[in-house]
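1. turn this into a model:
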Amino acid sequence: LDVSGMDSIEVNSSDMVAMVGPGATFGMLDKLCARDSIGVTGSYDPEAGIVGATLHGGHGFLERKFGLTCDNAISFEVVTSDGTIVTASSKQNRDLFWALRGGGGNFGVVTLMTLHLHVLPNDAKLLASVIEYPEVNLLPLQSRLEILMSHFAIAEDSPNEYTASIDITGQGVMTTNKIWIGNVDSGLQFFDILQESGRAVL
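-> Have a look, this model is predicted:
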């Protein structure tokens with residue numbers, strides 16, 4: 001079902017909500033929100049559809065600070081399998097609302113979604129650090145586990161401005177992606193601590 005033409009977006013900065021169609025992308029929403037320094041957890045890819053990502057959870061740079069995209073869903077307008085148009089929210093069709101927030105797109109066709117927006121700090125900037133382990137499959141198992149556990153330990157104790165992920169390819173390459181969204185000086189200081197700890201360096 002091609003919904004790319006249903007790409008409407010309405011941002012209400014007073015009520016801190018955005019109403020988005022199923023064809024709208026995070027890049028489109030970010031441009032509208034940037035004017036008022038507001039936003040919501042979005043995909044790492046600006047071309048990703050907002051509704052589709054939300055139905056599958058919705059990971060992004062702001063998830064530690066504001067939760068997954070699905071955590072910020074207020075309501076869905078859904079066309080069910082029998083053609084009925086219903087609203088799913090915390091007050092209406094609550095079981096459907098629960099299922100749509102991360103349960104996938106098997107419960108109907110979402111034609112409109114309302115998201116809660118958040119105020120972003122005026123001095124917030126994005127810092128990124130990527131460390132690649134090109135032949136991690138050749139390392140002893142214990143060494144591979146130490147890399148993973150150090151990554152988890154850093155994430156567990158870090159502030160909410162910090163988000164991290166691990167990518168492992170079939171070619172034996174492991175990449176740790178470290179993202180900071182917040183005050184630049186604080187972010188650089190935090191990244192210096194990570195580097196000095198040696199836990200993310202082979």
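
2. could you dump stretch 178-191 to PDB, C-alpha only?
-> Taking C-alpha atoms only, stretch 178-191 is exported to PDB below (Å, rounded to 0.1, in the frame of the first residue of the first chain):
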ATOM      1  CA  LYS A 178      28.400   7.200  20.200                       C
ATOM      2  CA  ILE A 179      26.100  10.200  20.000                       C
ATOM      3  CA  TRP A 180      25.800  13.300  22.200                       C
ATOM      4  CA  ILE A 181      23.000  15.800  21.900                       C
ATOM      5  CA  GLY A 182      23.400  18.700  24.300                       C
ATOM      6  CA  ASN A 183      25.900  21.300  25.500                       C
ATOM      7  CA  VAL A 184      29.100  21.000  23.300                       C
ATOM      8  CA  ASP A 185      31.600  21.500  26.100                       C
ATOM      9  CA  SER A 186      29.900  18.900  28.300                       C
ATOM     10  CA  GLY A 187      29.800  16.500  25.300                       C
ATOM     11  CA  LEU A 188      33.500  17.000  24.500                       C
ATOM     12  CA  GLN A 189      34.400  16.500  28.100                       C
ATOM     13  CA  PHE A 190      32.300  13.300  28.300                       C
ATOM     14  CA  PHE A 191      33.900  11.900  25.100                       C
END
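
3. how about the helices in this structure?
-> Using DSSP state H, the helices found in the chain span residues 26-34, 50-55, 63-66, 94-100, 141-157, 184-197.

4. save the ones you listed as TSV, and put in mean neighbour count, mean pLDDT and distance to residue 72 too.
-> Heads up, the C-betas are built off the backbone N, CA and C, glycines and all. Converted to TSV, the helices of the chain look like this (neighbours: other CB atoms under 10 Å; pLDDT from 0 to 100; distance: least, CB to CB, whole Å):
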stretch	mean neighbour count	mean pLDDT	distance to residue 72
helix 26-34	17	94	12
helix 50-55	24	96	8
helix 63-66	18	89	7
helix 94-100	16	96	13
helix 141-157	13	82	21
helix 184-197	14	75	23
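
5. adding distance to residue 8, write these out as JSON lines.
-> Compiled in JSON lines, these are given as follows (distance: least, CB to CB, whole Å):
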{"stretch": "helix 26-34", "distance to residue 8": "10"}
{"stretch": "helix 50-55", "distance to residue 8": "11"}
{"stretch": "helix 63-66", "distance to residue 8": "23"}
{"stretch": "helix 94-100", "distance to residue 8": "19"}
{"stretch": "helix 141-157", "distance to residue 8": "36"}
{"stretch": "helix 184-197", "distance to residue 8": "35"}
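
6. I am finished for the moment; much appreciated.
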